[in-house]
Structure formats: C-alpha cells, structure tokens
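Asks: Build me a model from this:
(one chain, ligands or ions: 1)
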Amino acid sequence: MSDSRQSSLDPIQLEGWRWAPFLDQAIAQLLPMQPTAYPIEQTYLHKHNTGGSKTRPFSATTETWGCSTEKLRQVRAACVEAGSAASVLNLVMNPRTSYDLPFFGADLVTLPNGHLIALDLQPALKSDATHTEHVWSRLTPLFERWRRELPDGGPIPEEAQPFFSPCFLWTRLPLGDEGDALIEKAVMPAYLDYLHLYLDLVKEATSVSSDREQNLLSGQRKYTAYRSEKDPARGMLGRFHGPEWTENFIHGVLFDLE
Ligand code: DBV
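Replies: Below is the predicted model:
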C-alpha cells in the first residue's frame with residue numbers, strides 16, 4: 001500500500017489523517033507551478049513503526065511529500081499519523097535565494113492534550129526592509145482578521161523571536177467539537193489566506209543581485225540551523241522511529257540547507 005510511494009510527489013496515504021485537506025489545498029495551489037519531485041530517500045517517504053509500553057502503545061506512520069519549483073528550492077510536508085497519540089502536518093516552503101521571499105511555515109499538530117497551530121511567513125532577514133516591508137503590509141490585515149477568532153497560544157521562547165514575523169498566528173485549541181469547529185471556521189481559512197498570499201508573492205518575485213543572494217543565503221542558513229537544532233518534533237519522532245532515523249530526517253530532509 002503506502003510502500004508504493006516511490007517519489008516525493010506521490011500522494012500521501014495516511015488513513016484517518018485529519019490534516020489531509022490542508023495538504024491537498026497546498027498541492028492543488030502548487031500544481032500550476034509545474035512542481036518537480038524533490039529527491040528524498042525511500043525511508044523518509046514512508047516510515048512505519050509500532051512500539052511503546054503496554055499502557056502507552058503506538059502505531060505511527062510518517063510520510064513526506066516534497067517538490068521544487070522554479071522559485072522554490074524545497075517544499076516539504078512532514079505528515080505524521082499515530083491515531084490518538086499524534087496527527088501532524090508540518091509544511092515548509094523554502095524559496096531559492098535568488099528571490100527575496102520569506103519562508104512559508106505551517107505546523108498543524110494534534111496531540112492527546114489538544115491541537116497546536118502555528119502559521120507564519122517567516123523572514124530570512126528580519127531587520128531588512130526590502131525583504132519584509134512588502135510582505136507585512138499585505139499579511140497584517142489577514143493576521144488581524146484571524147487572530148481575533150483564535151485564542152492566543154501563549155509565549156514562545158525569546159531566542160525564537162528573530163525567526164518569526166509580526167504576523168505569527170499561534171493558537172492552542174481543545175480536542176473535540178469546539179476545536180473541530182474552530183479548525184473549520186478559522187484555521188482553514190487563515191491557512192488558505194496565508195497560502196494564497198505566499199504563492200502570489202512567489203509569482204511576483206523577480207531575481208536579485210548576487211550580492212543580495214549571498215545575504216539571503218546566510219539568513220536562510222541561520223533559520224535552518226535554528227529550526228533543525230530546536231525542532232520540537234524531535235522527541236515525538238525519536239519515540240516513534242528511533243533517534244538515528246530522526247536525526248537524519250531532521251538534518252537531511254526537513255531542514256537540509258546546512
Ligand atoms: N514541528 C516541526 C516538525 C514537526 C513538528 C518538522 C514533523 O518543525 C511538530 C513534525 N511541533 C511539532 C510537535 C510539537 C510542535 C510544537 C510534535 C509539539 C511538541 C511537544 O509538545 O512535545 C512552531 N511547534 C511547536 C511549538 C512551536 C511550534 C512554537 C511549541 C514548542 C514548545 O512548546 O516548546 N513549528 C514551530 C515553528 C514553525 C513550525 C516555529 C513555523 C511556523 O513549523
């Protein structure tokens with residue numbers, strides 16, 4: 001079944017995965033950009049393990065969808081389905097450094113104690129007006145629209161601040177009907193707003209000078225190093241698939257620019 005995924009473009013096959021409509025939307029929006037497969041080893045395209053203790057058993061599958069386009073170096077979606085233990089879509093779009101673009105980042109996480117939702121267009125060079133001004137003037141109204149509908153997710157580590165935009169949408173929602181209703185009425189439309197704006201920015205982007213490209217590359221490297229070092233999924237993935245597989249996945253696939 002799922003072992004038939006040979007290419008990063010092959011459909012994700014996770015039974016009961018709650019975030020499927022979100023990934024489907026992203027893929028549908030990317031298709032007109034003529035995506036090509038992103039090279040990802042078989043073990044990261046599909047990985048299944050069972051384990052845990054008698055009182056806390058798990059059956060976990062992680063699949064990775066990925067592509068490149070003319071202006072996006074790497075788009076990758078890490079998809080985790082482990083029944084009541086976890087259901088995750090982590091989607092990052094990493095632009096080529098020849099374009100002045102932020103990253104697209106979505107972290108949609110369901111754990112036994114609730115949902116955790118992070119959505120942002122994240123700058124590679126935060127203090128650089130050329131890199132950011134045209135983004136925030138267009139993203140702020142969307143952020144203001146949706147933050148009112150969603151409870152604030154609480155503080156994030158200070159060291160993470162340089163990597164977030166002022167329009168970081170961050171919320172924690174309860175499991176059950178109340179959370180489901182907010183996911184449908186606010187999280188999905190907010191996600192679509194961020195996604196559509198991001199892909200418009202991609203379409204509009206024109207290439208930069210090679211000096212500028214060097215700055216963008218060094219900003220992207222810092223971002224990638226931070227995300228891989230601090231990946232909040234490390235514990236969960238290590239428990240499901242083992243620490244060695246997890247380290248290689250984080251450094252070699254999820255945040256592979258280093
Ligand atoms: N997060 C990832 C990847 C995941 C993933 C690759 C494959 O970057 C899942 C899966 N995120 C994930 C899990 C948790 C979080 C938490 C499983 C819960 C960890 C736990 O509680 O055990 C945004 N994600 C978080 C948190 C933040 C983010 C701030 C809370 C961390 C904490 O409480 O310590 N992820 C983080 C971020 C973006 C993002 C900066 C950008 C939008 O994608």
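
Asks: Output the below-cut-off pLDDT ranges for this structure.
Replies: Residue ranges of the chain with pLDDT under 70: 1-3.

Asks: Quick check: residues of it near the ligand?
Replies: Within the chain, the positions lying close to the ligand (C-beta under 6 Å from any ligand atom) are 78, 80, 88, 90, 105, 107, 109, 116, 118, 120, 156, 231-233, 235-236, 254. C-betas here are computed from N, CA, C, even on glycine.

Asks: ok, 5 Å please
Replies: Residues of the chain lying near the ligand by C-beta under 5 Å from any ligand atom: 78, 88, 90, 105, 107, 109, 118, 120, 156, 232-233, 236, 254.

Asks: Mind checking which of those residues are in helices?
Replies: Residues of those located in helices (DSSP state H): residue 236.

Asks: For the chain, which segments count as strands?
Replies: Counting by DSSP state E, the chain has strands at residues 36-37, 46-52, 57-68, 72-81, 87-95, 103-111, 114-122, 169-173.

Asks: List the strands paired with the fourth one, with their directions.
Replies: This means strand 72-81. strand 57-68 (antiparallel), strand 87-95 (antiparallel) (DSSP bridges).

Asks: do the same with the last one
Replies: Using DSSP bridges, the strands paired with strand 169-173 in its sheet are strand 114-122 (antiparallel).

Asks: Off-centre distance for the strand it pairs with?
Replies: 9 Å (C-alpha atoms, centre = their mean, to the nearest Å).

Asks: would a markdown table of the strands of the chain with mean neighbour count be doable?
Replies: Formatted as a markdown table, those follow (neighbours: other C-beta atoms under 10 Å):
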| stretch | mean neighbour count |
| --- | --- |
| strand 36-37 | 14 |
| strand 46-52 | 16 |
| strand 57-68 | 20 |
| strand 72-81 | 23 |
| strand 87-95 | 23 |
| strand 103-111 | 22 |
| strand 114-122 | 21 |
| strand 169-173 | 21 |
